[in-house]
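1. How does the following fold in three dimensions:
(one chain, ligands or ions: 2)
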Amino acid sequence: MALLELKDLHVSLEDGTEIVKGVNLKVDSNEVHAIMGPNGSGKSTLSYAIAGHPAYQITQGQILLDGEDITETEADERAQKGLFLAFQYPHAIPGVTVTSFLRSAINAVRKAKNGAVDDPIPVPEFRTELFAQMERLSVSRELASRYLNDGFSGGEKKRVEILQMAMLKPRIAVLDETDSGLDIDALRIVAGGVQELIGPNMGALVITHYQRILNYIKPDFVHVFVGGKIVEEGGPELAKKLEESGYKEWEGVPA
Ligand SMILES: Nc1ncnc2c1ncn2[C@@H]1O[C@H](COP(=O)(O)OP(=O)(O)O)[C@@H](O)[C@H]1O
Ligand SMILES: [Mg+2]
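-> Ligands and ions are numbered 1, 2, ... in the order given. Below is the predicted model:
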């Protein structure tokens, strides 16, 4: 049984337009799967649907986490079960600092694990872990005390997303174009931070247009995604091939 399984997943926008047209995928812990596709192919739509965004409707198929059907569950319940999505465009939350946001998110997961009874993380434990992860991901104390994503640069947003992931310790991480807007140093820090978390306790789905993030997060499997469908699958060598020849081979393929 896979940790995350998509079975014939179809996703439509609110106006009924079908964007994701039948995706089958299995991701296990200790595995990195890359989904690579051109702009507009539906990659973000797929990641939002996996995370449970209400604007993206699953019209057919299923999402299973540990064999359990989560297709109809709310986003927060999915997060509590260990699913994490790093957004392509993280939202700002004015009035909520990075630190307080992280503590609330951790406490929500702990509460869910504790049979809906509050079990807040002790403050010293939280601080020790937070400072260790901030150091690792080069997030300054100043940044952590600011309002979440409010006026953050692209690179700061991405680092704080990975900080959130490192603190929450999800079982499955979906990263949607985490490399976009990152310079090479920030990319190395962010992607290296993700790579270190992959192991017996976590698997990842790395969604990307470009191959470069895969130099730092090594994929075991590469899935080429064009027109809302997986059109080819292979190993890491497929990512290299895409870097050279692009997606032309599959574009214009009737949907
Ligand atoms: N919330 C939305 N409202 C309207 N159109 C959307 C929305 N989300 C996605 N789309 C459309 O769905 C298609 C796929 O977009 P997206 O999933 O963002 O692709 P990708 O991430 O691969 O670039 C695009 O045509 C986009 O305009
Ligand atoms: Mg996208």
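2. In the stretch 151-255 of the chain, mark out all the strands, start to finish.
-> Shown for the stretch 151-255 of the chain, the strands assigned by DSSP state E, counting those that start in this stretch span residues 172-176, 203-208, 221-226, 229-234.
3. Just send those strands back as a markdown table, with distance to ligand 1 and mean neighbour count too.
-> Bear in mind the C-beta positions are built from the backbone N, C-alpha and C, glycine included. Below are the strands of the stretch 151-255 of the chain laid out as a markdown table (distance: least, Cβ to the nearest ligand atom, whole Å; neighbours: other Cβ atoms under 10 Å):
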| stretch | distance to ligand 1 | mean neighbour count |
| --- | --- | --- |
| strand 172-176 | 7 | 25 |
| strand 203-208 | 8 | 25 |
| strand 221-226 | 7 | 22 |
| strand 229-234 | 12 | 16 |
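4. Next, format these as JSON lines and append distance to Phe152.
-> Shown next, in JSON lines, are the strands of the stretch 151-255 of the chain (distance: least, Cβ to Cβ, whole Å):
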{"stretch": "strand 172-176", "distance to Phe152": "17"}
{"stretch": "strand 203-208", "distance to Phe152": "21"}
{"stretch": "strand 221-226", "distance to Phe152": "28"}
{"stretch": "strand 229-234", "distance to Phe152": "33"}
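5. what's the closest of the ones you listed to Lys248?
-> Proximity to Lys248, assessed across the strands of the stretch 151-255 of the chain by Cβ to Cβ, is greatest for strand 221-226 (10.0 Å).
6. How about the contacts made by the residue of the chain found nearest ligand 2?
-> Going by Cβ to the ion, ligand 2 is nearest to Ser44 of the chain, at 3.2 Å. Under the criterion of Cβ atoms under 8 Å, 6 or more residues apart in numbering, the neighbours of Ser44 are 88, 176-177, 207.
7. try Asp119
-> Here Asp119 is in contact with 107, 110-111, 113 (Cβ under 8 Å, 6+ apart).
8. pretty sure it belongs to a strand, no?
-> No: counting by DSSP: H, G, I helix; E, B strand; the rest coil, Asp119 falls outside a strand, being coil.
9. and it, what pLDDT?
-> Looking at Asp119, its pLDDT is 95.
10. quick one, strands of the stretch 1-150 of the chain?
-> Under DSSP E, counting those that start in this stretch, the stretch 1-150 of the chain gives strands at 4-12, 18-27, 32-36, 57-65, 68-69, 83-86, 93-97, 147-148.
11. Which of these sits closest to ligand 1?
-> strand 18-27 (4.7 Å; Cβ to the nearest ligand atom).
12. measure the most centrally placed residue in the chain to Gly82 for me?
-> The centroid of the chain falls nearest to Val174 when counting by Cα atoms, centre = their mean (2.2 Å). Using Cβ to Cβ, to the nearest Å, we find Val174 at a distance of 12 Å from Gly82.
13. Kindly reformat the strands of the stretch 151-255 of the chain as a markdown table containing mean pLDDT.
-> Shown next, in a markdown table, are the strands of the stretch 151-255 of the chain (pLDDT from 0 to 100):
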| stretch | mean pLDDT |
| --- | --- |
| strand 172-176 | 94 |
| strand 203-208 | 96 |
| strand 221-226 | 97 |
| strand 229-234 | 96 |
